[in-house]
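Enquirer: give me a 3D structure for the following:
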Amino acid sequence: MLLRKPPQSRPSVERVIEILTSIGESATDQGRPGLHALAQAGARDADEVAMKDAERARAATTTKTRGEVAATAFSILHKIVDELFGAIENQAPSAHRSQNTGSRRINLRRPKTGGFRTEAK
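Expert: Numbering: from 1, shown residues only. Just a heads-up that it's a prediction; the model follows:
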């Protein structure tokens, strides 16, 4: 549209720069309540987003920490169970651990000798 005007009626390049500079300066001026309110709303929104992101990060960290603690606890528990079952097998030769490693069981069998013997007096 601007080029349809005769050259004499067009603003000079300097005038265009002056107008654009003036618009930019007035946009940052606090005298415009609409822009100030918009800036405040944008700042509040950015604060809310930052707080929600921080809360999500805290929750993720808490979940990860709990998972690590649980994994460590189960590892310790499995070692204790293995030691207990080893002690039971050492004390009771008829006790045998289940071959299923996912199952923590000991099978007890009767001795093949027919039971306990008592000595006559």
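Enquirer: going by secondary structure, the residue nearest to the spatial centre of the chain is in what exactly?
Expert: When C-alpha atoms, centre = their mean is applied to the chain, the residue found nearest the centroid is residue 60 (2.5 Å). Taking DSSP states H and E as the definition, residue 60 sits inside helix 33-91.
Enquirer: can you give me how far that helix is from the chain middle?
Expert: Relative to its parent chain, helix 33-91 has a centroid offset of 6 Å by C-alpha atoms, centre = their mean, to the nearest Å.
Enquirer: ditto for stretch 4-18
Expert: 58 Å.
Enquirer: and what of stretch 9-25?
Expert: With C-alpha atoms, centre = their mean, you get 52 Å for stretch 9-25.
Enquirer: kindly format the C-alpha coordinates of that stretch as CSV.
Expert: C-alpha atoms of stretch 9-25 as CSV (Å, rounded to 0.1, in the frame of the first residue of the first chain):
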residue,chain,number,x,y,z
SER,A,9,3.8,11.7,0.2
ARG,A,10,5.8,8.7,1.5
PRO,A,11,7.5,9.1,4.9
SER,A,12,11.3,9.1,4.8
VAL,A,13,13.3,6.2,6.1
GLU,A,14,14.4,8.3,9.0
ARG,A,15,10.7,9.1,9.8
VAL,A,16,9.8,5.4,9.7
ILE,A,17,12.7,4.6,12.1
GLU,A,18,11.6,7.5,14.4
ILE,A,19,8.0,6.2,14.5
LEU,A,20,9.0,2.6,15.2
THR,A,21,11.4,3.7,17.9
SER,A,22,8.7,5.8,19.5
ILE,A,23,6.3,2.8,19.5
GLY,A,24,9.0,0.6,21.0
GLU,A,25,9.7,3.1,23.8
